[in-house]
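# Turn this into a structure:
(one chain, ligands or ions: 1)
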Amino acid sequence: MRGIEMVAKTRVVVLISGGGSNLQALIDACAQSHFPAQIVCVISNNPDAGGLEKAQRAGIKTRVIDHRDYESREAFDVALQAALVAAQAQLVCLAGFMRLLTSAFVRVWEGKMLNIHPSLLPSFKGLHTHSQALDAGVKWHGCTVHIVVPEMDAGPIVVQAVVPVLPEDNAQTLGARVLEQEHMIYPQALKWLAQGSLDVDGVQVMLKTPVKIPYSQGNPSED
Ligand code: GAR
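Below is the predicted model:
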């Protein structure tokens, strides 16, 4: 392609603990030639995570770092950091990763690590977010992609999606409606971060004017 400089795709490692439907949404997005990121490794703290198979099916390298093999959170995070360095990660996506990370680890990845949470933060942090929403009687619920900071389920908000709470909803039906939106917004947020479109100023995240950049696929043999 004469006259056009190709930019290498940003190397992303996805951390999971479970089924990996958000991982699958990221895999599908990264499969598009114009997408600015490539998933170079998927790491799970749970050897039985269904997402591992999804990654393998897509030809992505997987690693299990079982937190039960480590005596402390710090020791687990040191192992995780070593795996990220080995994968030459540039960005990290938490996709249903259900372990709290130490402040020291989070600071290393400041501005370079995203998380998806199944609520409209700052409402309903932690677990059972759909039951929390139903119990609170809110009429609108949703999901959030945010930049990870040491505090749990906090950090500058990149994008949110909203769904109605219907009178007949239970946690399962509401959760399914939210999950559909998660699969839309997570690839979008990763795209923005990977192509350098985000300006973060305190808690405010602003979108820069998009620029069209041609991306080259990294050499798979390097992975
Ligand atoms: C998703 O709903 C994600 O938002 C949530 O776990 C689920 C994982 O599903 N994450 C958290 O609650 C983190 N605080 P998945 O494995 O099918 O992507």
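
# Over to the closest residue to the ligand within the chain. Which of the three states is it?
Using CB to the nearest ligand atom, the point where the chain gets nearest to the ligand is residue 96, with a distance of 2.6 Å. Just so you know, the C-beta spots here come from the backbone N, C-alpha and C atoms, and that holds for glycine as well. Recorded secondary structure, residue 96: coil (DSSP: H, G, I helix; E, B strand; the rest coil).

# With residue 41 instead?
On the three-state scheme (three-state DSSP), residue 41 is labelled strand.

# list the buried ones in whatever helix or strand residue 186 lives in?
Per DSSP states H and E, residue 186 falls inside helix 171-194. Buried residues in helix 171-194, counting neighbours by 16 or more other CB atoms under 10 Å, are found at 174-175, 177-179, 181-183, 185-187, 189-194.

# Kindly report the same for stretch 137-150.
Across stretch 137-150, burial judged by 16+ other CB under 10 Å covers 141-149.

# gap between the two ends of that stretch?
29 Å (CA to CA, to the nearest Å).

# go on, stretch 202-213?
One end of stretch 202-213 sits 27 Å from the other (CA to CA).

# if we can go back for a sec, OK, contacts around the residue of the chain closest to the ligand?
If you count contacts by CB atoms under 8 Å, 6 or more residues apart in numbering, residue 96 has them with 16-23, 51, 116.

# can you count the residues close to the residue nearest to it when sequence neighbours are not counted?
Closest residue in space to residue 96, ignoring its immediate chain neighbours: residue 18 at 4.7 Å, by CB to CB, 6 or more residues apart in numbering. Residue 18 has 17 neighbours, counted by other CB atoms under 10 Å.

# The one 4 residues further on too?
Counted with other CB under 10 Å, residues neighbouring residue 22 total 27.

# The most centrally placed residue in the chain bridge partners, please.
When CA atoms, centre = their mean is applied to the chain, the residue found nearest the centroid is residue 93 (3.2 Å). Residues in a beta bridge with residue 93, per DSSP bridges, are residue 14, residue 114.

# and the helix holding residue 186, what other elements does it pack with?
Under the contact definition 3 or more CB pairs under 8 Å, 6 or more residues apart in numbering; DSSP states H and E, helix 171-194 sits against strand 10-16, helix 21-30, strand 37-44, strand 91-94, strand 113-117, helix 129-136, strand 140-147, strand 157-164.
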